[in-house]
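Peer 1: Compute the structure for the input listed below.
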Amino acid sequence: MKEKLCHSVLLDEEKCKGCTHCIRRCPTEAIRVKGGKARIDEERCIDCGECIRTCPNHAKYAQSDPLEAIGHYRYSIALPAPAFYAQFSTGFTLGKLLYGLLELGFSDVYEVARGAEILAEEIKKILRSGHLPPPLISSACPAVVRLAEEKFPSLTGNLLPLDSPLGVAARIARSRALEKGFSPEEIGVFFITPCPAKVTEIRQSVGDLERIDGAISMAKIYPLIINMTEKLQDISGIQRASWKGIGWARSGGEQESLDEGEYVAVDGIHDVMSVFEKIEMGELNNLVYCEAQACVGGCIGGVLAVQNPFLAKVNVNRLIRKYSVFQAIEEKEWDKLARQDAFRRKKPFIARDILKLDQDYKRALEKYQIIEKILDRLPGLDCGACGSPTCRSLAEDVVREKAQEIDCPFLLREKMLELSREIFDLANKIPQTMKNDERGKKTIEGS
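Peer 2: The predicted model follows:
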C-alpha cells in the first residue's frame with residue numbers, strides 16, 4: 001500500500017512571487033514554479049526546510065501544533081530537544097528550563113538529550129559487533145533519512161537500524177506515565193522541535209515512534225519561557241542529561257558520545273549529499289560512522305530555532321562544560337529497556353523509486369534517450385527561468401509530460417525567431433497573379 005504523505009513545510013501562495021530562489025536550493029528538486037507560483041512535489045519533498053531559509057518573501061513556512069493541544073490530555077509530557085537548551089544564554093540552568101515547561105502546563109518532562117545518551121550506548125554495541133556494512137549512517141535526522149531513501153536508495157542498508165533519540169525518549173516517558181496509573185488515552189507526549197522534518201516524522205509515524213501526539217515549535221515556546229524568567233525555579237530531580245546527550249544539539253556531538261573511531265560529522269543538506277556521493281562510490285569505506293544532519297551546524301540550525309546558530313553553539317559548549325558528569329545507566333534500567341525493545345526502529349527504511357522514469361525498463365531507457373536529445377537542445381545554463389531547477393530537470397519534466405520544451409525562454413525565443421523569419425519570408429513572396437513584368441505590367445506566368 002502506498003504510504004500516506006503529509007508535510008509540515010507548506011506554501012502561502014499569496015506571498016509567493018514565483019522568484020525561483022527556492023527551486024535552486026531544494027536538494028531533491030521538489031519545487032517547480034508554474035503560473036507564477038511555486039509548487040511543491042509531495043513525493044520528493046523531505047521537509048528539510050531549505051526553502052524556508054531561502055524564500056525572500058517568507059512564502060514557505062513550517063506547520064506545528066499549538067501549545068493548547070496539551071489540554072486534550074490529562075497527563076501531558078514535554079520532550080525538549082537538546083537544541084532547545086541552546087536557545088538560552090547564561091543564567092538559564094536546565095533545571096529552570098524544565099521548570100518553565102511545567103509552568104506552561106505540562107505534567108512532566110523527559111529530556112531527549114537523556115534519550116540520546118542512552119541510545120549512544122546501544123550504538124556503541126552495534127559498532128563493536130561489526131555486523132553492518134560500514135560506514136553506518138546515523139538515522140537521528142529524519143530529513144537525512146528521507147534524503148537517503150529518495151536520492152541515495154543504495155545507502156538505505158547503511159542507515160543505523162535504531163530508533164532516534166526522540167523515539168527512545170518518548171518510549172521511556174510514556175512508560176513512566178503508564179506506571180503512574182494513567183491510561184494510554186490520558187497520556188499526551190509532545191516534542192519541542194527545532195525543525196519541520198521532525199514534525200513530519202511524528203505525523204507520518206503514528207504508532208511507530210511509540211505514539212508522539214504532537215510537535216510544538218521551539219519558536220513558540222521560547223518567548224513564553226523568556227517572559228517568565230523572574231519566576232523560574234532551579235528544580236532538581238527531573239534533569240538527568242549530561243554532556244553526552246546535550247552535545248547532540250550541534251554537529252559533532254553524536255560522534256563525541258561514541259567511542260574513538262574513524263567517524264565523520266557532516267552538516268548542511270548539500271554537504272551531506274556530497275559525502276553520500278562519496279560513500280556511494282566507495283571512497284569512504286575506511287569510515288566507521290557517519291553523523292549527518294540536514295541543518296548547518298546541526299539541530300541548532302533548525303528553521304524553528306530562534307537563536308543565531310553560532311551563538312547557540314556557544315551555549316551548547318557552555319552547557320557541556322557545566323553538565324560534565326554522565327549518569328551511568330543502571331542495570332535494571334537496561335533490563336527494562338530491553339524488555340520494552342526500546343531501541344528497535346519499527347518503521348523500515350524504504351528505497352523509494354520516485355526518480356525512476358518508468359517502471360518498465362525498456363520504456364525507461366527510451367525516455368532516458370529522449371531526455372539526452374532534449375538536453376542537447378537546451379542551453380545548459382541551469383538558470384531556473386523555466387520554473388525547473390536545472391535543464392535536466394526540465395527535460396525530465398517534458399518526458400513525464402509535466403512541462404514542454406518551450407518553457408525554456410531561450411528555446412521559446414529561438415522558436416519565435418524561426419517563426420518570424422518564416423513569416424518574413426512569406427511576406428516577401430508575391431503571388432504569381434500579382435507579379436509585374438519588366439515594363440511594370442502585371443503578367444501571368446506562362447503567357
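
Peer 1: Nearest residue to the middle of this protein?
Peer 2: The chain has residue 48 as the residue nearest its centroid, 2.3 Å off, counting by C-alpha atoms, centre = their mean.

Peer 1: Name the helix or strand for it, please.
Peer 2: Under the criterion DSSP states H and E, no helix or strand holds residue 48.

Peer 1: ok, which stretches of the stretch 251-400 of the chain are helices?
Peer 2: Secondary structure of the stretch 251-400 of the chain (DSSP state H, counting those that start in this stretch): helices at 253-256, 269-280, 309-322, 331-339, 361-377, 391-399.

Peer 1: hey, which helix is longest across this structure?
Peer 2: helix 409-428 (DSSP state H).

Peer 1: In contact with residue 95, which residues?
Peer 2: Contacts for residue 95 (C-beta atoms under 8 Å, 6 or more residues apart in numbering) come out as 233-236, 238-239. To be clear about C-beta, it is placed using only N, CA and C from the backbone, and glycine gets the same treatment.

Peer 1: try 6 Å
Peer 2: Listed by C-beta atoms under 6 Å, 6 or more residues apart in numbering, the contact partners of residue 95 are 234-235, 239.

Peer 1: any idea whether it is helix, strand or coil?
Peer 2: The assignment at residue 95 comes out as helix when based on DSSP: H, G, I helix; E, B strand; the rest coil.

Peer 1: Show me where the stretch 151-300 of the chain has its strands.
Peer 2: 187-193, 214-217, 263-267, 289-293 (DSSP state E, counting those that start in this stretch).

Peer 1: ok, and the closest non-adjacent residue to residue 103?
Peer 2: Leaving aside its sequence neighbours, residue 103 sits nearest to residue 228 (C-beta to C-beta, 6 or more residues apart in numbering; 6.1 Å).

Peer 1: sorry, back to before: closest to residue 62 out of the contacts of residue 95?
Peer 2: The closest of the contacts of residue 95 to residue 62 turns out to be residue 239 (C-beta to C-beta; 28.1 Å).

Peer 1: What is the neighbour count of that closest one?
Peer 2: Counted with other C-beta atoms under 10 Å, residues neighbouring residue 239 total 20.

Peer 1: now the closest residue to it other than its chain neighbours: how far from residue 227?
Peer 2: The shortest distance from residue 239 to any non-neighbouring residue, by C-beta to C-beta, 6+ apart, is to residue 94 (4.7 Å). Distance, residue 94 to residue 227, by C-beta to C-beta, to the nearest Å: 19 Å.

Peer 1: Comparing the two, which residue is more hemmed in?
Peer 2: Neighbours per residue (other C-beta under 10 Å) separate residue 94 from residue 227, with residue 94 holding more: 23 against 10.

Peer 1: Neighbours of residue 125, how many?
Peer 2: Neighbour tally, residue 125, other C-beta under 10 Å: 9.

Peer 1: From the contact counts, what lies against the host helix or strand of it?
Peer 2: Assigned by DSSP H and E, residue 125 falls within helix 112-129. If you count contacts as 3 or more C-beta pairs under 6 Å, 6 or more residues apart in numbering; DSSP states H and E, helix 112-129 packs onto helix 165-179, helix 243-246.

Peer 1: which of these is buried the deepest?
Peer 2: Highest mean neighbour count of those: helix 243-246, a mean of 26 (counted as mean count of other C-beta atoms under 10 Å).

Peer 1: And it, what does it pack against?
Peer 2: Against helix 243-246 (3+ C-beta pairs under 6 Å, 6+ apart) you get helix 112-129, helix 309-322.

Peer 1: swap the cut-off to 7 Å and go again
Peer 2: If you count contacts as 3 or more C-beta pairs under 7 Å, 6 or more residues apart in numbering; DSSP states H and E, helix 243-246 packs onto helix 82-85, helix 112-129, helix 309-322.

Peer 1: Alpha carbons of that helix, as PDB, please.
Peer 2: Extracted in PDB, the C-alpha atoms of helix 243-246 (Å, rounded to 0.1, in the frame of the first residue of the first chain):
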ATOM      1  CA  TRP A 243      27.300  16.500  28.100                       C
ATOM      2  CA  LYS A 244      26.900  13.200  26.200                       C
ATOM      3  CA  GLY A 245      23.300  14.000  25.200                       C
ATOM      4  CA  ILE A 246      23.400  17.800  25.200                       C
END
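
Peer 1: returning to what we had before: would you mind giving the helices and strands packed on helix 243-246 as CSV with distance to residue 425 added?
Peer 2: Formatted as CSV, the helices and strands packed on helix 243-246 follow (distance: least, C-beta to C-beta, whole Å):
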stretch, distance to residue 425
helix 82-85, 67
helix 112-129, 72
helix 309-322, 62
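
Peer 1: ranking the helices of the stretch 251-400 of the chain by burial, who's on top?
Peer 2: helix 253-256 (a mean of 23).

Peer 1: State the mean pLDDT of that one.
Peer 2: Here helix 253-256 scores 95 as its mean pLDDT.

Peer 1: Any idea how far that helix is from the middle of the chain?
Peer 2: In terms of C-alpha atoms, centre = their mean, to the nearest Å, the centre of helix 253-256 is set 20 Å apart from its chain centre.

Peer 1: Dump it to CSV, restricted to CA.
Peer 2: Extracted C-alpha coordinates of helix 253-256, given in CSV (Å, rounded to 0.1, in the frame of the first residue of the first chain):
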residue,chain,number,x,y,z
GLY,A,253,28.1,15.9,19.3
GLU,A,254,26.8,12.5,18.3
GLN,A,255,30.2,11.2,17.4
GLU,A,256,31.7,12.6,20.6
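
Peer 1: which helices and strands sit right next to it?
Peer 2: strand 289-293.

Peer 1: Would you check that residue 399 makes contact with residue 368?
Peer 2: No - if you go by C-beta atoms under 7 Å, residue 399 and residue 368 don't touch, sitting 8.4 Å apart.
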